[in-house]
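Novice: with the input below, show me the fold.
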Amino acid sequence: MTLGVRLDGAAALVAVAVAAVALAVQVYSVGYLRPDPHAAAEIDHRYPPYAAQISLFTAAMLLVVVAGDLVMLLVGWEVMGVCSYLLIAHDRRLPGAPAAAMKAFLVTRVGDVGFLLGIALLGVSAGSFRIADVLAHDHSAGTLTAACLLLLAGVAGKSAQFPLHTWLPDAMAGPTPVSALIHAATMVAAGVYAVTRLYPLFERAPVALAVLGAMGAVTLLLGALAATAQDDLKRVLAWSTVSQIGYMTGALAVGAPAAALFHLLAHAAFKALLFLAAGAVIHALGTASMSRMGGLRAAMPVTFWCTVIGLGALAGLPPLSGFWSKEGVLAAAEAAALHGDGPAPAWVGWLVWLAGLVGVAVTAWYATRLLLRTFLGEARTREVGPQAAPAHPHAAPAHPHATAAHPHATAAHPHDPPPVMRWPLLLLAVPAALLGLAAFLPPFTGRLAAPEGELTHLGPAALLPLALLAAGAGLAWAGWRRDRAGDPARALGPLGPVFAAGFRLDAVQRALVVRPVTALARLARAGDERVVDGTVEGTGRGAAGLGGALAGLHRAALPRAAVAVLAGALLIGLAAVLIGGAA
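Specialist: I've put the predicted structure just below:
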């Protein structure tokens, strides 16, 4: 094991993105978590540990980015898991926050077991944990396939890919700036970056790439469909993150790590922008429920236009950054499907390409729905306090940003956030809008280790995603126009509750994993207490009882004791005579 840094072009770009988003989140947090002067005194001491934890979280992600050794990478990987637990449960008084933090910690730990075993397998095979040595070593086919599949378990946990994605929507119980950091540039991006860093190994393991492609396609569609039926503003963005990470893993599966990294960078910009804009809305209204929003465009113009840029980039609207990055993924998948380009089987290309095209239409639909329900139409009834959204942390009466006394939680007069929160929004809007233009710069593509022009390839096939985008946005607009007070998601009919529950995969996991493990744990506990402890404690009780009986005999009066001794001697003598005579 060695302590070393490996800083190539791709690592430098990702490190800059992580640092920039983390800086914006830290500055934004100063205003977002500013203590309420009317709140209890102990709230004033909650910001310093938050700032320390979020700084450690960022440092751990940067360690993952620049690590030159797999063990160093694993250290940063695990520190992120611990920090995510602390940050999601930042305010433990809120309903659901401790449970969500524990769920995130345990689900990601399940994947991390595989990640640890994969790293151990590669290190033992290469005789070194240095990434350069591991990549250069000629591993056997079986070892390489097994190690890559084990690494994908960790990727599925950290990057919230099917079937270990269920923790991410529940992580919305944490403060909104934490959500922005987890969903944009750290944690969920770590898995994609780890595969990119070790991609030469995956190229030689087509089975692992096929599994990655199937996992990415399923996650892409699952996240997009689940986002269509959410009422909580942050949960819409959370499910969209699950879907967008599916685009990145799909690009890796079809042999386009440069396109995956480009989408990672673009996603970091526009998703951080969207979460911070959502935080501004929640900060102003005291609720995250879109059913209680509407008509905010005039009251919050800066937040509105920042949200428009973010949602446009998310949907892939040209010329915003998301259009270029998503087009790079779809072009790579199309080439893999039609021409067999890439290290994975051709069916992987078809799977990723078709899922990506469907995802474009669905993403445009739910992005348009979010914009219409939040900012346009008439203002709907909204109350601040426990009646607003009891299940959401920012609507709980104990939270400083959900009390009627707080200046930014007055539903009657919503307005744009203060400057300390507004400037990070405006600065993040720049890369969200213009980062795609960097795809025309050869130095940028060179740092992504992509041939010149690979990320800017546009052909007639680019018209198909644009047509699907227009169709998805148009359907959402038509549904909203029919009933401006309603919800376009009503068109989903009986599928709505299924989508809103994330296809009820939480219930499936609870039935197949949680309950059996809990029952096994109860059985093991009962066996330990009644058999193991019972044997030990029973031996002790038996010895104590026997000792008590003997002690009772020793406490006999002197005449009785003397008689007992003489009787015993007589019996022993009699036995000796009888035994001797018989001999």
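Novice: ok, Ala524 - how many residues close by?
Specialist: The number of residues packed near Ala524 is 10, by other Cβ atoms under 10 Å. No exception for glycine: its C-beta is placed from N, CA and C like everyone else's.
Novice: just the element for it, please.
Specialist: In the assignment (DSSP states H and E), Ala524 maps to helix 515-527.
Novice: list the buried residues in the host helix or strand of Met72.
Specialist: Here Met72 sits within helix 70-88, counting by DSSP H and E. Residues of helix 70-88 classed as buried: 70, 72-74, 76-81, 83-88 (neighbour count, 16 or more other Cβ atoms under 10 Å).
Novice: cool, and stretch 48-66?
Specialist: Applying 16+ other Cβ under 10 Å to stretch 48-66 flags 50, 53-54, 56-66 as buried.
Novice: kindly report the same for stretch 217-229.
Specialist: Those would be 217-229, for stretch 217-229 by 16+ other Cβ under 10 Å.
Novice: how many neighbouring residues does the nearest residue to Ala136 once chain neighbours are set aside have?
Specialist: Among residues not flanking Ala136 along the chain, Ala126 sits closest, at 8.0 Å (Cβ to Cβ, 6 or more residues apart in numbering). If you count neighbours by other Cβ under 10 Å, Ala126 ends up with 20.
Novice: Ala126 and Ser140 touch, don't they?
Specialist: No: counting by Cβ atoms under 8 Å, Ala126 sits too far from Ser140 to count as a contact (11.4 Å).
Novice: what sits against the residue lying closest to His165 once chain neighbours are set aside?
Specialist: Residue nearest to His165 in three dimensions, not counting chain neighbours: Val242, with 5.3 Å by Cβ to Cβ, 6+ apart. By Cβ atoms under 8 Å, 6 or more residues apart in numbering, the contact list for Val242 reads Ala160, Gln161, His165, Leu168, Pro169, Thr219, Leu222, Gly223, Ala226.
Novice: tell me which helix or strand the fifth one sits in.
Specialist: Here Pro169, judged by DSSP H and E, is contained in helix 167-170.
Novice: which SSE is immediately downstream of that helix?
Specialist: helix 176-184.
Novice: can you classify Leu201 by secondary structure?
Specialist: Recorded secondary structure, Leu201: helix (DSSP: H, G, I helix; E, B strand; the rest coil).
Novice: heads up, I number from 34, so please use that
Specialist: Sure, I'll start numbering at 34, so the last one becomes Leu234.
Novice: residues in contact with it?
Specialist: Neighbours of Leu234 in contact, by Cβ under 8 Å, 6+ apart: Leu155, Val167, Leu168, His172, Leu177, Ala180, Cys181.
Novice: what's the answer for Arg268, then?
Specialist: Neighbours of Arg268 in contact, by Cβ under 8 Å, 6+ apart: Pro202, Met205, Ala260.
Novice: for it, helix, strand, or coil?
Specialist: Relying on three-state DSSP, one would call Arg268 helix.
Novice: how close does it sit to Tyr118?
Specialist: As judged by Cβ to Cβ, to the nearest Å, Arg268 and Tyr118 stand 20 Å apart.
Novice: so where's this protein uncertain?
Specialist: Counting by pLDDT under 70, the ranges of the chain that qualify are 68-78, 413-445, 472-494, 516-520, 522, 586, 589, 615-616.
Novice: residue ranges of each domain in it, please.
Specialist: The chain breaks down by automatic domain parsing into domains covering 42-324+335-533, 534-568.
Novice: only alpha carbons, please: show the helix holding Ala557 as CSV.
Specialist: The C-alpha coordinates for helix 548-560 follow below in CSV (Å, rounded to 0.1, in the frame of the first residue of the first chain):
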residue,chain,number,x,y,z
ARG,A,548,-38.0,-9.1,7.6
PRO,A,549,-36.0,-12.4,7.1
VAL,A,550,-32.9,-10.8,8.5
THR,A,551,-34.8,-9.4,11.5
ALA,A,552,-36.4,-12.8,12.1
LEU,A,553,-33.0,-14.5,11.9
ALA,A,554,-31.6,-11.9,14.3
ARG,A,555,-34.4,-12.6,16.8
LEU,A,556,-33.8,-16.3,16.5
ALA,A,557,-30.0,-15.9,17.1
ARG,A,558,-30.7,-13.6,20.0
ALA,A,559,-33.1,-16.1,21.6
GLY,A,560,-30.6,-19.0,21.0
